[in-house]
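Enquirer: Pasted the sequence and its predicted model underneath.
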Amino acid sequence: MDLTEREAAAVTRLQRGVPLVERPFQVIGETCGLSEDQVVGLTERLLANGEARRFGGIFDARRIGFRSALCCMDVPDADLARIAAEVAAVPGVTHAYERGWPEALPRDWDGGPRNERWPNLWFTLATEADRFPEELERLRMRCAPYAIAMLPAVRRFKIDVVFDVRTRDRDERVEPQTGVSLLQRDQEPPVLLADAERDTVRLFQGHIEPAAACFDAPARKLGVPVGELLARLASWRERGVMRRLGLLLHHREAGFKANGMCCWPCGAEAVLERGRRLAACPEVTHCYERPARAGFPYTLYAMIHTGSWQETHALFQRIGQEAGLADGRLLFSLREFKKTSMTFFQPDGGGR
């Protein structure tokens with residue numbers, strides 16, 4: 001990204017979420033030393049050149065009655081592309097990657113596979129909660145004879161990645177109660193949305209055109225006054241239905257090309273404290289506790305991004321030491337088969 005210091009500050013601010021006011025780009029410009037037109041133009045430019053994916057809402061799936069889970073498979077290399085295409089074709093699959101160890105790095109490095117065989121196809125499946133078992137079973141049939149292991153999040157330590165393009169550091173928000181139990185969250189009833197509210201979700205889960213008065217066109221489409229729309233979005237943000245409304249970057253195009261999933265074994269008595277320490281590392285973008293599985297006994301997961309394999313490996317070692325973790329594994333994202341935002345309340349009930 002070729003940005004001035006002020007533009008880079010605006011990009012970070014846009015990712016955090018715009019203020020829910022009639023002229024949000026004006027407010028961001030005032031905080032970053034830019035005009036409203038400059039912030040709008042910057043947003044348009046990033047979208048046009050592919051460095052940004054969209055400008056829109058990020059919703060909490062659980063709060064509106066959806067369920068998602070990380071899944072993995074061990075597929076022979078010769079069949080990987082075919083099975084990955086089957087997985088990526090499912091509407092409810094939002095992310096799908098080949099993960100493993102790059103040939104450029106020695107296999108006996110800390111976190112490397114040595115002589116182990118890891119699951120190599122990783123993806124996220126998300127559907128309406130009552131349809132999830134059916135959709136997972138359908139996907140298992142499509143991918144037979146290769147088994148799908150499900151690794152749902154047990155505890156969430158960190159979400160909402162924001163990339164600071166000035167330093168390639170991360171500037172994410174952390175859950176106010178770091179280490180919230182998602183098993184307890186599952187017992188909470190979802191927020192029931194009326195038809196008009198579902199229409200709002202359908203609109204804002206897509207791309208909203210950046211403009212000085214960017215809420216005017218959505219309000220017209222929904223047939224409500226701008227003030228009423230802003231109040232609805234603000235209420236959702238307060239209740240956790242919508243995490244933020246902002247700019248989503250393509251991290252690879254923004255210079256964060258070496259994505260790594262870090263996994264450590266961690267006993268139940270230590271996972272809360274170690275997870276909190278891991279989430280406190282600014283370079284960690286997502287952090288979860290997940291169940292161990294046969295042949296892959298790791299329970300604490302973190303995502304990191306840098307510009308090279310070597311940098312990512314060095315970062316994996318450092319954050320593990322800082323969090324008091326050992327015997328971890330680092331699975332690099334070698335190939336991207338699919339990456340898209342979740343979509344809700346579609347006719348097929350899945351994601352895009």
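Expert: Sure thing, it's come through.

Enquirer: Only C-alpha atoms from now on, for both contacts and neighbour counts.
Expert: Will do.

Enquirer: So which residues of the chain form helices?
Expert: With DSSP state H as the criterion, the chain has helices at 5-16, 24-32, 36-48, 77-88, 132-143, 182-185, 195-204, 216-222, 226-239, 271-279, 309-322.

Enquirer: Okay, buried residues for the third one please.
Expert: What that stands for is helix 36-48. Neighbour-count burial for helix 36-48, counted by 16 or more other CA atoms under 10 Å, picks out 36, 38-40, 42-44, 46-47.

Enquirer: for the first one, same thing?
Expert: If you call a residue buried by 16+ other CA under 10 Å, then helix 5-16 has these buried ones: 7-16.

Enquirer: Least confident secondary structure element in this protein?
Expert: The helix or strand of the chain with the poorest confidence is strand 169-170; it has a mean of 46 (mean pLDDT, DSSP states H and E).

Enquirer: so where is the stretch 101-250 of the chain shaky, pLDDT-wise?
Expert: 160-188 (pLDDT under 70).

Enquirer: One more pass at 80, please.
Expert: The stretch 101-250 of the chain contains residues with pLDDT under 80 at 159-188, 250.

Enquirer: just to revisit the earlier point, could the buried residues of helix 36-48 go into CSV alongside pLDDT?
Expert: What follows is the buried residues of helix 36-48, written out as CSV (pLDDT from 0 to 100):
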residue, pLDDT
Glu36, 98
Gln38, 98
Val39, 98
Val40, 98
Leu42, 97
Thr43, 98
Glu44, 97
Leu46, 95
Leu47, 96
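
Enquirer: Relative to Trp109, which of those is nearest.
Expert: Of all those, Trp109 sits closest to Leu46, with 37.1 Å by CA to CA.

Enquirer: Surely that closest one and Arg54 touch.
Expert: No - in this structure, Leu46 is not within contact of Arg54 by CA atoms under 8 Å, at 9.3 Å.

Enquirer: Please name the residues that touch Ala212.
Expert: Residues near Ala212 by CA atoms under 8 Å, 6 or more residues apart in numbering: 23-26, 36-37, 40.

Enquirer: and with 6 Å instead?
Expert: When contacts are counted by CA atoms under 6 Å, 6 or more residues apart in numbering, Ala212 touches Arg23.

Enquirer: do the same with Ser333
Expert: Applying CA under 6 Å, 6+ apart to Ser333 gives the contacts 98-99, 259-260.

Enquirer: For it, which non-adjacent residue is spatially closest?
Expert: By the measure of CA to CA, 6 or more residues apart in numbering, the closest residue to Ser333 outside its immediate chain neighbours is Arg99, 4.5 Å from it.

Enquirer: What about the one you found, how many residues nearby?
Expert: Residues lying near Arg99 (other CA atoms under 10 Å) number 22.

Enquirer: now do Trp122
Expert: Trp122: 23 neighbours (other CA under 10 Å).

Enquirer: Might one say that it is in contact with Cys72?
Expert: Yes - if you go by CA atoms under 6 Å, Trp122 and Cys72 touch, sitting 4.4 Å apart.

Enquirer: any idea how far the longest strand seen in the chain is from the chain center?
Expert: The residue-count maximum for a strand in the chain (DSSP state E) belongs to strand 329-339. Mean-position distance between strand 329-339 and its chain equals 13 Å (CA atoms, centre = their mean, to the nearest Å).

Enquirer: Could you pull out the buried residues of that strand?
Expert: Residues of strand 329-339 classed as buried by neighbour count (16+ other CA under 10 Å): 329-334, 337-339.

Enquirer: As JSON lines, the buried residues of helix 5-16 with pLDDT and distance to Gly92 would be great.
Expert: JSON lines is the format used below for those (pLDDT from 0 to 100; distance: CA to CA, whole Å):
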{"residue": "Glu7", "pLDDT": "96", "distance to Gly92": "35"}
{"residue": "Ala8", "pLDDT": "93", "distance to Gly92": "33"}
{"residue": "Ala9", "pLDDT": "94", "distance to Gly92": "34"}
{"residue": "Ala10", "pLDDT": "96", "distance to Gly92": "33"}
{"residue": "Val11", "pLDDT": "95", "distance to Gly92": "29"}
{"residue": "Thr12", "pLDDT": "91", "distance to Gly92": "29"}
{"residue": "Arg13", "pLDDT": "94", "distance to Gly92": "30"}
{"residue": "Leu14", "pLDDT": "96", "distance to Gly92": "27"}
{"residue": "Gln15", "pLDDT": "93", "distance to Gly92": "24"}
{"residue": "Arg16", "pLDDT": "90", "distance to Gly92": "26"}
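
Enquirer: how close does the nearest residue to Ala96 once chain neighbours are set aside sit to Trp109?
Expert: What sits nearest to Ala96 in space, not counting adjacent residues and going by CA to CA, 6+ apart, is Phe123, at 4.1 Å. According to CA to CA, to the nearest Å, Phe123 and Trp109 sit 26 Å apart.

Enquirer: repeat for Glu269
Expert: 28 Å.

Enquirer: Over to His305?
Expert: Remark: distance between His305 and Trp109 (CA to CA) = 18 Å.

Enquirer: Neighbour count: these two, which is higher?
Expert: Just comparing His305 and Trp109: by other CA under 10 Å the higher neighbour count belongs to His305, 28 against 10.
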